[in-house]
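Enquirer: just a sequence and a predicted model for now, questions to come.
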Amino acid sequence: MKNGVLFILLGITALGSCKKYVEEKDLDKEIIVEIPVYSIGYGYSTAHPNFTSLPPYTYLVDFDKRDYPKVDSITLNALLETQYASDTAVIRLFNVTDNVAIENSSLSYSTPYRDSARLINTNNLYKSLPDKRVTLAIQTRGTGLGGVTRTFLKLRRN
């Protein structure tokens, strides 16, 4: 019995001595927030003329930029691919909560080569994202055989 009480007291003491505040020097300079756009090992087609949201299970639910202290840069990054020179793949970030596209978040890719892919990114979207908790989606459109196979937000601290 005494050993059990001693163990509990030591545990409480150890937990009580843990840091209660994260210091700026302890924060990562870069954070990757994945937006899961892969479907059974493949990405999603961009072959429709109007922007269309990907399925709800790909949404980034409850994203709030304020949850990441000292972050001052957020970019959308995507691996876009096309099959032929005449194909174009376009995506953008969409705020499902407020039913609006995120300003300046469109990414477009086309190539003169067959079966080509490229990882591209937007400029800083920090000011374009709302100061509240939202659900974000990827919307796609394009011509021909294009697709998106990976998307993520890259958050940076200076």
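Expert: Cool, got the structure.

Enquirer: just the strands in this structure please.
Expert: Along the chain, the segments classed as strands by DSSP state E run 30-35, 44-45, 52-53, 60-63, 71-82, 88-95, 100-101, 107-109, 116-121, 134-143, 146-157.

Enquirer: deepest in the core, which of these is it.
Expert: strand 88-95 (a mean of 23; mean count of other CB atoms under 10 Å). Heads up, the C-betas are built off the backbone N, CA and C, glycines and all.

Enquirer: what angle do it and strand 30-35 make?
Expert: Taking axes from the mean of the first three to the mean of the last three CA atoms, to 10 degrees, one finds strand 88-95 and strand 30-35 inclined to each other by 100 degrees.

Enquirer: relative to strand 71-82, how tilted is strand 88-95?
Expert: Taking the same axes, to 10 degrees, strand 88-95 and strand 71-82 form an angle of 150 degrees between their directions.

Enquirer: low-confidence bits of the protein, can you list those?
Expert: Along the chain, the model assigns pLDDT under 70 to residues 1-26, 39-43, 114.
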